[in-house]
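In: Provided below are the primary sequence and the corresponding predicted coordinates.
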Amino acid sequence: MVDGRAGADEAPAATPAGPPASEGAAAGAVYDIEASDPTGILLDRGGVDAESLRQITRIMTALAELRDAEQRVAEASRRYMRLNETDMRALHYLIVCANTDAVATPGGIAQHLGISTASTTKLLDRLESGGHVVRSAHPSDRRALAISITPETKAAAMETVGRQQARRFHAAARLSEAEREVVIRFLRDMTQELALDGVDWADGAHEERRAHEER
């Protein structure tokens, strides 16, 4: 006769002692300076005490959280407008031109976006076919075109994405004048530290050297 208790004579499975092992690094550790560079290969931290190091790590984490929040807003805006990142940047540029009575041209859009003339033409074709922009004659230059955002697209962008992005103003407004100057100096200083001027791995110089060495 078969015993209905499946595995009745088998020893129960062992239960791991203690809390389950975590999968990968903790979220906060991603921006921890000690976790990213424990031996100081990337950064000389001499003269920085432990408390200062913890505070700097909090700054780096806060910056990362801001980037994540901005990315979420950008992704939501692209989904809502059904456009890609370059399209959204172009529309923002056109809104600023409209608000400042500046004439937007294909050349100006290309320069702002850092893309080629051919890519700009494709972008404008796409936006025009979607009813987002209008091409018209330039008011003073017969050789150029004027590009304007349609009222419907401008209203949609301003009332959704624009309104959400503008809320950053409140965080800056809550600071004192002196605090704002500190933040401005810090952000500009960090931007300068991240500048890629003279960094050969970023400008392709290393690829040219490698190709030359392989000849």
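Out: Yes, it's here.
In: mind pulling up the pLDDT for the residue nearest in space to the middle of the chain?
Out: Closest to where the C-alpha atoms of the chain average out (CA atoms, centre = their mean) is residue 71, at 5.3 Å. Looking at residue 71, its pLDDT is 93.
In: and residue 53, by the same measure?
Out: 89.
In: count the residues that sit near it.
Out: 14 (other CB atoms under 10 Å). For glycine as for every other residue, the C-beta is placed from the backbone atoms N, C-alpha and C.
In: do residue 57 as well
Out: So residue 57, with other CB under 10 Å, has 18 neighbours.
In: same check, this time on residue 146
Out: When neighbours are counted by other CB under 10 Å, residue 146 comes out with 17.
In: bridged to it, which residues?
Out: Bridge pairing for residue 146 (DSSP bridges) gives the partners residue 136.
In: residue ranges in the protein under the pLDDT threshold?
Out: Along the chain, the model assigns pLDDT under 70 to residues 1-22, 25-28, 204-215.
In: all strands for it, in order.
Out: Applying DSSP state E to the chain gives strands spanning 133-137, 145-149.
In: among these, which is nearest residue 43?
Out: Of all those, it is strand 145-149 that lies closest to residue 43, at 44.4 Å by CB to CB.
In: quick one: the helices in this protein?
Out: For the chain, the helices defined by DSSP state H cover 33-36, 50-81, 85-99, 106-113, 117-129, 151-157, 163-166, 168-173, 177-193, 200-203, 205-214.
In: and the longest one, what does it pack against?
Out: The elements that helix 50-81 packs onto, with contact taken as 3 or more CB pairs under 8 Å, 6 or more residues apart in numbering; DSSP states H and E, are helix 33-36, helix 85-99, helix 151-157, helix 163-166.
In: give me that answer again for 6 Å
Out: Counting contacts by 3 or more CB pairs under 6 Å, 6 or more residues apart in numbering; DSSP states H and E, helix 50-81 is packed against no other helix or strand.
In: hang on, the earlier thing: most tightly surrounded among the strands of the chain?
Out: Most buried of the strands of the chain by mean neighbour count (mean count of other CB atoms under 10 Å) is strand 145-149; its value is a mean of 19.
In: that strand vs helix 106-113, what angle?
Out: Orientation of strand 145-149 against helix 106-113 (axes from the mean of the first three to the mean of the last three CA atoms, to 10 degrees) gives an angle of 60 degrees.
In: would you mind pulling the contact partners of strand 145-149?
Out: Applying CB atoms under 6 Å, 6 or more residues apart in numbering, the contact partners of strand 145-149 are 91, 94, 103-104, 133-136, 138.
In: I am finished for the moment; much appreciated.
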